[in-house]
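Student: Sequence and predicted structure, then a few things I'm wondering about:
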Amino acid sequence: MQQSSSASTGYNQSAETRSNMKERCLLQRKATGFGIGTVTFRPVEVKLNKDKDLASKMDPYCKFKIGFHSGKSSVASGQGMNPHWDEAIALKTKNNDYAKIIVKDKDRVAFNERIGFAKIQLESLYQMGRSSQWVPLTKGNDLAGEILVEMEYLPKTT
């Protein structure tokens, strides 16, 4: 019996092969300094599906994380399901693959509740230098809303 053409031609990549390719790309980025610098996030607005506060409107804010670096926006007090911001959060990056966005509701009485979460791949931002996109926010397996984020990458200069 003949082997399938995908197995004999190597198109069926194993997890180890994909891992090796990713490692080579990372080594190339490190060697060229590509992906080392600062990413500036500008949360513009959020469109949420549900208002979590029963007595009043939500007071959302955004937290951005790249590796061990993090920063957060101001609290959009009383803006509920459609908050807007006009500020920038700058974080250092050193060959990081993605950034995390966490949208939370500032609460004076209890813990700040997580409203939604997203991961943004940074590879295309490193290449283009600038991006603006709507990013879906999830909570568990549910869609919680979306956030419009403007991003800019500035490579480190030596």
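Tutor: Thanks, I have it. A quick note: this is a predicted structure, and the numbers were derived from the prediction, not measured.
Student: for this protein, which spans come out with low pLDDT?
Tutor: The chain contains residues with pLDDT under 70 at 1-34, 51-56, 108-110, 158.
Student: show me where it has strands.
Tutor: 36-48, 60-66, 69-72, 89-94, 98-105, 113-121, 130-139, 142-155 (DSSP state E).
Student: Buried residues in the shortest one, which are they?
Tutor: By that I understand strand 69-72. His69 (16 or more other Cβ atoms under 10 Å). C-beta: built from backbone N, CA, C; applies to glycine.
Student: The first one too?
Tutor: By neighbour count, and taking 16+ other Cβ under 10 Å as the criterion, the buried residues in strand 36-48 are Ile36, Val39, Thr40, Phe41, Arg42, Pro43, Val46, Leu48.
Student: ok, the residues you listed vs Ile66, which is closest?
Tutor: Nearest to Ile66 among the buried residues of strand 36-48, counting by Cβ to Cβ, is Val39 at 6.3 Å.
Student: Might one say that that closest one is in contact with Pro155?
Tutor: No. Checked against Cβ atoms under 8 Å, the pair Val39 and Pro155 is beyond contact range at 10.5 Å.
Student: Contacts only, for the residue lying closest to Asn49 once chain neighbours are set aside.
Tutor: Nearest residue to Asn49, sequence neighbours excluded (Cβ to Cβ, 6 or more residues apart in numbering): Gly145, at 5.1 Å. The neighbours of Gly145, taking Cβ atoms under 8 Å, 6 or more residues apart in numbering as the test, are Val46, Lys47, Leu48, Asn49, Met81, Val103, Ile115, Gly116, Pro136, Leu137.
Student: residues touching the fourth one, list them.
Tutor: Shown here is Asn49, whose contacts under the criterion Cβ under 8 Å, 6+ apart are Met81, Leu143, Ala144, Gly145.
Student: So it versus Ile115, what's the distance?
Tutor: Going from Asn49 to Ile115 by Cβ to Cβ, to the nearest Å gives 10 Å.
Student: Having no further points to raise, I will conclude here.
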